[in-house]
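Pasting the sequence and the predicted coordinates here, then a few questions.
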Amino acid sequence: MNISKCDNPIIVSKSFFYFLIAVLYGLILASFPNDLFRDRANYIVYARNFDVIAEQYNAFTFIFNEPLFLFYNKLLSFLFTAELVPNVSVFFISATTAYFILKYARNVLLVLFGFSLLFFVSFTFHLQLVVLRQGVATVLLLWIVHFFWGKKPFFPLCFLLLFFHISFAIVFFVLFYEHTLSHFIKNIKLRLVLFSSTLFGLSFFMLAVASSLGVRQVEGSHLASNSNGGGGFVLFAFLLFFLYLRGFNNVYRTAYGRIGLLGVLVYLIFYFTIPISGRLISVFLLFYYIYIVISTNNKDYFSAFIFLIVNIFLWKNAISGESLTEVGTKYFSAFL
């Protein structure tokens, strides 16, 4: 009896393989219990009481207090229990970030390097596991850039993200203003000087404008004072210096490099004027990571490696103070 053999073996596409690894990474991070991380209880409240929360605002202030995030919670609450909704968000954030690292990394070493940046840089650790509203909005921006960069729907879709997380009002302005300047100023260095000067001036008025619009985050204690010590400024100035050495024209060749560079500038501009630089940089760092794993330049690798090493040394205190509960600190004690 003849047994016919398949002449064409089944080939698993790279994209499907990346998808599987990203899903595994997302499932691992989503499996961590909610009580390990700060603010998870608040997200459960949002999932359970979205209608009650919406009724606290009038028609005007509701617009500026993230209505799309409320609708997002309402949708997920129909599919999952309130306690599971934060874990679903963690899965979406972490699986998406992992997929983009896997998709764009030039080799296995850069994959490992990209994942190390995601986990051991406290800003993106926090983005994946703690500030879930901002994290979901950030990965939505990643997909928008992936599918619509340079196309007409890009800026309208970016604008909609401010109704998911209010910080994206600044992200939208940064991207739109720099894009507008690019039509009038072709020299990138000159354009960035004007961009930085404008943003520096506006930074003195942003909180007042947000307060007048009824944005509730303005009342948060973390915005009461700006107590940055200067270490972060030095570290990100170091990154900017090496991006300058790389050549802004080279960095701008990809959307990820362009957005990552703008994010480093925004962090430095806001560092001493408005206490939101640390929160905003989390959005832009994902683009910087993708730029790094795409790059073939040793200057990029060196600066990102030093950035990672510094953050590894700071990781214990950073996540213990900002990301973890007491239970979480004990849970991660093996790493700390």
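Cool, got the structure.

On the pLDDT front, check Lys103 for me.
pLDDT for Lys103: 95.

err, Ala210, not the other one
Reported pLDDT for Ala210: 69.

Quick check: Tyr99 touching Leu20?
No. Using C-beta atoms under 8 Å, Tyr99 is not in contact with Leu20; the gap is 10.0 Å. To be clear about C-beta, it is placed using only N, CA and C from the backbone, and glycine gets the same treatment.

Who has more neighbours out of these two?
Shown here are Tyr99 and Leu20; by other C-beta atoms under 10 Å, Tyr99 has more neighbours (23 against 13).

Can you give me the distance of the more buried one to Val23?
Distance, Tyr99 to Val23, using C-beta to C-beta, to the nearest Å: 9 Å.

repeat for Thr96
From Thr96 to Val23 the distance is 10 Å (C-beta to C-beta).

Among those two, which residue is more densely surrounded?
Per other C-beta under 10 Å, whichever of Thr96 and Val23 has more neighbours is Thr96, with 22 against 15.

Which helix or which strand is home to that one?
helix 85-104 (DSSP states H and E).

mind listing the strands for the stretch 101-250 of the chain?
Counting by DSSP state E, counting those that start in this stretch, the stretch 101-250 of the chain forms no strands at all.

mind listing what the closest residue to Ser277 other than its chain neighbours touches?
Among residues not flanking Ser277 along the chain, Phe270 sits closest, at 4.1 Å (C-beta to C-beta, 6 or more residues apart in numbering). Residues near Phe270 by C-beta atoms under 8 Å, 6 or more residues apart in numbering: Leu199, Ser203, Ile276, Ser277, Leu280.

Show me the shaky parts of the protein.
Within the chain, the stretches with pLDDT under 70 are 1-12, 210-211, 213-229, 334-336.

Could you point out the longest helix of it?
In the chain, with assignment by DSSP state H, the single longest helix is helix 298-322.

List the neighbours of whatever helix or strand Leu70 lives in that are in contact with it.
Assigned by DSSP H and E, Leu70 belongs to helix 67-79. Residues outside helix 67-79 that contact it (C-beta under 8 Å, 6+ apart): 46-48, 50-51, 53-54, 85, 88-89, 133, 136, 160, 163-165.

Could you report the neighbour count for the residue nearest to Val111 when sequence neighbours are not counted?
Excluding the flanking residues, the one nearest Val111 by C-beta to C-beta, 6+ apart is Ala105, at 4.4 Å. Counted by other C-beta under 10 Å, the residues lying close to Ala105 total 21.

Next up, phi/psi of Ala105, please.
Ala105 adopts backbone torsions of phi -60, psi 140, taken as degrees, to the nearest 10.

Helices of the stretch 1-150 of the chain, residue ranges please.
Secondary structure of the stretch 1-150 of the chain by DSSP state H, counting those that start in this stretch: the helices cover 14-30, 40-48, 50-54, 59-63, 67-79, 85-104, 108-120, 122-129, 132-148.

closest to Val209 out of those helices?
In terms of C-beta to C-beta, the element of the helices of the stretch 1-150 of the chain nearest to Val209 is helix 59-63, at 13.9 Å.

Flag every buried residue along that closest one.
Buried positions in helix 59-63, judged by neighbour count with 16 or more other C-beta atoms under 10 Å: Phe62.

packing partners for it?
Contact partners of helix 59-63 among helices and strands, from 3 or more C-beta pairs under 8 Å, 6 or more residues apart in numbering; DSSP states H and E: none.

how distant is the longest helix of the chain from the center of its chain?
A distance of 16 Å separates the centroid of the chain from that of helix 298-322, by C-alpha atoms, centre = their mean, to the nearest Å.

which residues sit against it?
Under C-beta under 8 Å, 6+ apart, the answer for helix 298-322 is 38, 113, 116-117, 120-122, 125-126, 130, 235, 238-239, 241-243, 245-246, 288, 291-292, 295, 329, 332, 335-336.

Repeat the analysis, applying 7 Å as the threshold.
Helix 298-322 is contacted by residues 116-117, 120-122, 125-126, 235, 238-239, 242, 245-246, 292, 329, 336 when judged by C-beta atoms under 7 Å, 6 or more residues apart in numbering.

among the residues you listed, which ones are buried?
Buried among the contacts of helix 298-322 by 16+ other C-beta under 10 Å: Ser116, Leu117, Phe120, Val121, Ser122, Phe125, His126, Leu239, Phe242, Arg246, Ile292, Thr329.

Noted, bye for now.
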